[in-house]
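Peer 1: With the sequence up front, the predicted model follows.
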Amino acid sequence: MPPIHALRVCALVLSGAWATGWGSDALAAAGDERTSSLRAYRIVGDSIPQPLSELSPDPVRGRAIVADRQSGMCLLCHSGPFPEERSQGDLAPSLDGAGARWSAGQLRLRIVDSRRIVADSLMPSYYRNDGLARVAPSWAGKPVLDAAQVEDVVAFLATLRGAANPPASPAQGPAAPGAATQERR
């Protein structure tokens with residue numbers, strides 16, 4: 001992949017274009033296993049406690065997704081323990097220590113749809129296929145990651161236990177007491 005100019009990437013992320021299908025050609029070329037229907041999940045407080053897939057999650061595959069600038073694209077905004085990656089983002093919290101800051105269920109909700117926690121979050125919804133704008137035709141009705149990939153990323157992030165800093169803001173911490181339980185289909 002040719003180098004991406006940082007300002008262009010930031011503009012795409014801030015405009016919501018990535019959240020709605022930017023980069024889809026590279027992902028589609030890798031083989032599209034995503035379907036138009038998503039597995040139902042239940043949000044409890046600030047987490048999705050149950051895995052989205054019955055497959056065994058693989059933290060090695062999860063790391064590859066996080067570090068890949070064409071699929072996960074996490075390092076455009078986040079930094080973390082990726083010494084081989086020269087350019088890492090600083091728009092979002094470091095991934096280092098994510099497994100100490102949040103439970104697997106909390107990580108899962110942040111990946112599935114971070115806007116359930118912070119309504120104006122810049123982070124894309126990786127496991128959502130409705131209510132999005134400016135979606136490339138080849139991606140209409142499809143999530144960025146499938147259920148197994150979400151679980152792989154959760155498994156990897158759960159291993160990141162170093163630099164266990166407290167959340168930077170209340171919006172990144174646990175849900176308020178009495179938070180609602182929601183079903184998503």
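Peer 2: In hand now; what should we look at? Residues are numbered from 1 along each chain as shown.

Peer 1: what's the next secondary structure element after the lowest-mean-pLDDT helix or strand in the chain?
Peer 2: Within the chain, no helix or strand scores below helix 24-29, which has a mean of 33 by mean pLDDT, DSSP states H and E. The C-terminal neighbour of helix 24-29 among helices and strands, as given by DSSP states H and E, is strand 41-44.

Peer 1: and the residue nearest to Arg115 when sequence neighbours are not counted, how many residues sit next to it?
Peer 2: Spatially, and ignoring its direct neighbours in sequence, Arg115 is nearest to Ser121 (5.2 Å; CB to CB, 6 or more residues apart in numbering). All C-beta atoms are positioned from the backbone trio N, CA, C, and that covers glycine. Applying other CB atoms under 10 Å, we find 16 residues neighbouring Ser121.

Peer 1: May I have the phi/psi pair for Ser121?
Peer 2: Note on Ser121: its backbone torsions stand at phi -60, psi 140 [degrees, to the nearest 10].

Peer 1: just the helices in the protein please.
Peer 2: 6-15, 24-29, 59-67, 98-101, 104-113, 147-159 (DSSP state H).

Peer 1: what's the neighbour count on Ala136?
Peer 2: Other residues close to Ala136 by other CB under 10 Å number 16.

Peer 1: let me redo that: Asp146
Peer 2: 20.

Peer 1: Phi first, then psi, for it.
Peer 2: phi -80, psi 170.

Peer 1: separation between it and Ile111?
Peer 2: Using CB to CB, to the nearest Å, Asp146 is found at 12 Å from Ile111.

Peer 1: One more: Trp139?
Peer 2: For Trp139 relative to Ile111 (CB to CB), the value is 17 Å.

Peer 1: Over to Ile48?
Peer 2: In terms of CB to CB, Ile48 sits 9 Å off from Ile111.

Peer 1: Next one, pLDDT for Gly162 please.
Peer 2: pLDDT recorded at Gly162 is 83.

Peer 1: before we move on, what about the one 5 residues further on?
Peer 2: Reading off the per-residue confidence, Pro167 sits at a pLDDT of 42.

Peer 1: And Trp22, by the same measure?
Peer 2: 36.

Peer 1: what about the chain, any weak spots by pLDDT?
Peer 2: Scanning the chain for pLDDT under 70 picks out 1-36, 163-185.

Peer 1: where do the contact lists of Asp146 and Ile111 overlap?
Peer 2: Any residue near both Asp146 and Ile111 by CB atoms under 8 Å, 6 or more residues apart in numbering counts here, and that gives Tyr127.
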